[in-house]
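Chemist: Structure for the following, please:
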Amino acid sequence: MKLFKKQETPTGNLALLGIFAAIMGAFSIILALVPFSNLVLGLFLPLISAVAAYYTENKYLPAYIVGASALCLGLTFFNWGDTLFVVIPSIVSGSFYGFLRDKRIPSQFLIILTSLVQVLLNWGAFHILLATTGVDILDTIRKLVGLSTDTIIPAFIVTYSIAETVLSFFIIEGVINKFSKEAFTFPTERYISPCLGILFGGLSLGFAFVEAHFCYIFMVFGIYFSLVGASVLFEQKPIWIYVVGGILLLGSLFLFAILHSLFPNECGLALVSIFFISISLTSFVSIFVNKKGTMNS
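Modeler: Presented below is the predicted three-dimensional model:
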């Protein structure tokens, strides 16, 4: 059986998934025995499940997730903390990543959806650990980032998950493209990311007066989509587009100063969204001008 090819038979699918489950089991033992190994291995573990999911049929994935998770928990019964927080989220999120990639989901959405799955799994693990051992990981995070309130903690967790998924994305794509003749393209309308950057930036500013937790979560999403959409600004463009961008950034600075005194103290940081909204607006104008120029040529 050739490992890095699409499996078409039940035997091939189950054999490949069994091999990758055993690999996850071996890494879970290393994590349980070697202190701080999760800092390195945590970035690579989703790759194993992503490759397994990409090269097997989707109907076998639930069995792989349950079987691999049970195997890893059984092998690390003596120290299951890292298995719960690192290995199992890697199995689920990696499998989800491979499933989405196989469905040709655009990269910006693949990353954000996988990150959200990672957040939900980590949130569940926090509460399981609190209920079984009394250890409050959220309190540890609060002290680690020097916060006296938990207002920004959900956004911090989302930010960490996105950053981790972005790193995993480049690792996974580098490995999968090495063994696959089919290049991974992202057939999506380029307006989407700048529009979402503006939308989530606006939601962040609006929710500052409603719910602080969602305010910062929307701010993170707005920053993410603004940065993704800003990639078009590095293409060759007329100089006036950059002038427009500079004017918008300057205007956002004045708007920041005007609105700062009006915002609730605990949500003052959300005003950063104004700068990223201006970046998204510049990206939108850049895409529009480029598309119009292409149509006229």
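
Chemist: What distance do you get for the nearest residue to Thr151 once chain neighbours are set aside to Phe256?
Modeler: Nearest residue to Thr151 in three dimensions, chain neighbours excluded: Ala212, at 4.6 Å (C-beta to C-beta, 6 or more residues apart in numbering). C-betas here are computed from N, CA, C, even on glycine. Ala212 sits at a distance of 18 Å from Phe256 (criterion: C-beta to C-beta, to the nearest Å).

Chemist: Same check on Ile217?
Modeler: To Phe256, Ile217 is 20 Å away according to C-beta to C-beta.

Chemist: more crowded one of these two?
Modeler: A count of neighbours by other C-beta atoms under 10 Å puts Ile217 above the other of Ile217 and Phe256, at 23 against 16.

Chemist: check which helix or strand covers Ile176.
Modeler: Assessed by DSSP states H and E, Ile176 sits inside helix 153-179.

Chemist: actually Phe126, not the one I typed
Modeler: Phe126 belongs to helix 107-133, assigned by DSSP H and E.

Chemist: From the contact counts, what lies against that helix?
Modeler: Here helix 107-133 touches helix 88-102, helix 137-144, helix 153-179, helix 212-229, going by 3 or more C-beta pairs under 8 Å, 6 or more residues apart in numbering; DSSP states H and E.

Chemist: circling back to that earlier point, does anything pack onto the helix or strand that comes right after the helix holding Ile176? Which helices or strands?
Modeler: Using DSSP H and E, the helix or strand that follows helix 153-179 in sequence is helix 192-207. Contact here means 3+ C-beta pairs under 8 Å, 6+ apart; on that basis helix 192-207 packs against helix 212-229, helix 273-296.

Chemist: Buried residues of stretch 199-217, list them for me.
Modeler: Buried residues in stretch 199-217, counting neighbours by 16 or more other C-beta atoms under 10 Å, are found at 199-201, 203-205, 207-208, 212, 214-217.

Chemist: Could you identify the most distant pair in those?
Modeler: Greatest spatial distance among those (C-beta to C-beta): Leu199 and Ala212, at 19.1 Å.

Chemist: hmm, back to that, tell me the most buried of the helices and strands packed on helix 192-207?
Modeler: Counting by mean count of other C-beta atoms under 10 Å, helix 212-229 has the highest mean neighbour count of the helices and strands packed on helix 192-207, with a mean of 23.

Chemist: who touches that one?
Modeler: The contact list for helix 212-229 (C-beta atoms under 8 Å, 6 or more residues apart in numbering) reads 108, 112, 151-152, 154-155, 158-159, 162, 190, 193-194, 196-204, 207-208, 264, 266-267, 269-270, 272-273, 276-277, 279-280, 283-284.

Chemist: okay, the angle between the helix or strand just after that helix and helix 192-207?
Modeler: As assigned by DSSP H and E, the chain's next helix or strand after helix 212-229 is helix 239-259. Interaxial angle of helix 239-259 relative to helix 192-207 (axes from the mean of the first three to the mean of the last three C-alpha atoms, to 10 degrees): 10 degrees.

Chemist: Averaged pLDDT, helix 239-259. What do you get?
Modeler: Here helix 239-259 scores 83 as its mean pLDDT.

Chemist: send the alpha carbons of it over as CSV?
Modeler: Listed next in CSV are the C-alpha coordinates belonging to helix 239-259 (Å, rounded to 0.1, in the frame of the first residue of the first chain):
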residue,chain,number,x,y,z
ILE,A,239,0.9,55.2,-6.6
TRP,A,240,-2.3,57.0,-5.8
ILE,A,241,-3.8,53.8,-4.2
TYR,A,242,-1.0,54.0,-1.6
VAL,A,243,-1.8,57.7,-1.2
VAL,A,244,-5.4,56.8,-0.5
GLY,A,245,-4.3,54.3,2.0
GLY,A,246,-2.1,56.8,3.8
ILE,A,247,-5.0,59.3,3.9
LEU,A,248,-7.3,56.6,5.4
LEU,A,249,-4.8,55.6,8.0
LEU,A,250,-4.3,59.3,8.9
GLY,A,251,-8.0,59.7,9.2
SER,A,252,-8.3,56.7,11.4
LEU,A,253,-5.8,58.2,13.7
PHE,A,254,-7.9,61.3,14.2
LEU,A,255,-11.0,59.2,14.5
PHE,A,256,-9.3,57.1,17.2
ALA,A,257,-8.4,60.3,19.2
ILE,A,258,-12.0,61.6,18.9
LEU,A,259,-13.7,58.4,19.9
